[in-house]
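Chemist: Coordinates only, no sequence provided:
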């Protein structure tokens, strides 16, 4: 995002955090559904596809969720340190 000015990117940080939270929670929800900790009804109600039928999580989803989780953890550490 080197094209945008710092004042513009400062306004978008909240949207980035929300996107990270949604991405990580979606992967966690699908994992919990596969393990049987969450029912298919609840998974469908929350908008995630049911993955108990054998459709696994792709490696790209895991990588994106991992990067989002790292960003969220770093932002929490920065807030606690400040």
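Modeler: Nice, I can see it. Just so we're clear, the structure is a prediction, and the values are computed from it rather than from any experiment. Residues are numbered from 1 along each chain as shown.

Chemist: Check which helix or strand residue 75 maps to.
Modeler: Per DSSP states H and E, residue 75 falls inside helix 59-81.

Chemist: ok now that helix, how far from the chain's centre?
Modeler: Relative to the chain's own centre, helix 59-81 is displaced by 9 Å; criterion: CA atoms, centre = their mean, to the nearest Å.

Chemist: most residues in a single helix of this protein, which one?
Modeler: helix 6-35 (DSSP state H).

Chemist: about what we covered before: for the helix holding residue 75, which outside residues touch it?
Modeler: Helix 59-81 has contacts (CB atoms under 8 Å, 6 or more residues apart in numbering) with 16, 17, 19, 20, 21, 23, 24, 26, 27, 28. For glycine as for every other residue, the C-beta is placed from the backbone atoms N, C-alpha and C.

Chemist: any chance of those in TSV, plus pLDDT, distance to residue 42 and neighbour count?
Modeler: As requested, the contacts of helix 59-81 are exported to TSV (pLDDT from 0 to 100; distance: CB to CB, whole Å; neighbours: other CB atoms under 10 Å):
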residue	pLDDT	distance to residue 42	neighbour count
16	82	27	15
17	84	24	14
19	85	22	13
20	87	22	19
21	88	18	13
23	85	19	19
24	87	18	19
26	83	13	20
27	83	16	19
28	85	13	14
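
Chemist: Need the max-distance pair from those residues.
Modeler: 16 and 28 (18.6 Å; CB to CB).

Chemist: Quick check: next helix or strand after the lowest-mean-pLDDT helix or strand in the chain?
Modeler: Within the chain, no helix or strand scores below helix 6-35, which has a mean of 78 by mean pLDDT, DSSP states H and E. As assigned by DSSP H and E, the chain's next helix or strand after helix 6-35 is helix 40-45.

Chemist: Identify each buried residue in that following helix, please.
Modeler: Under the neighbour-count criterion of 16 or more other CB atoms under 10 Å, helix 40-45 has residue 43 buried.

Chemist: Which strands or helices does that helix pack on?
Modeler: On a contact count with 3 or more CB pairs under 8 Å, 6 or more residues apart in numbering; DSSP states H and E, helix 40-45 meets helix 6-35.
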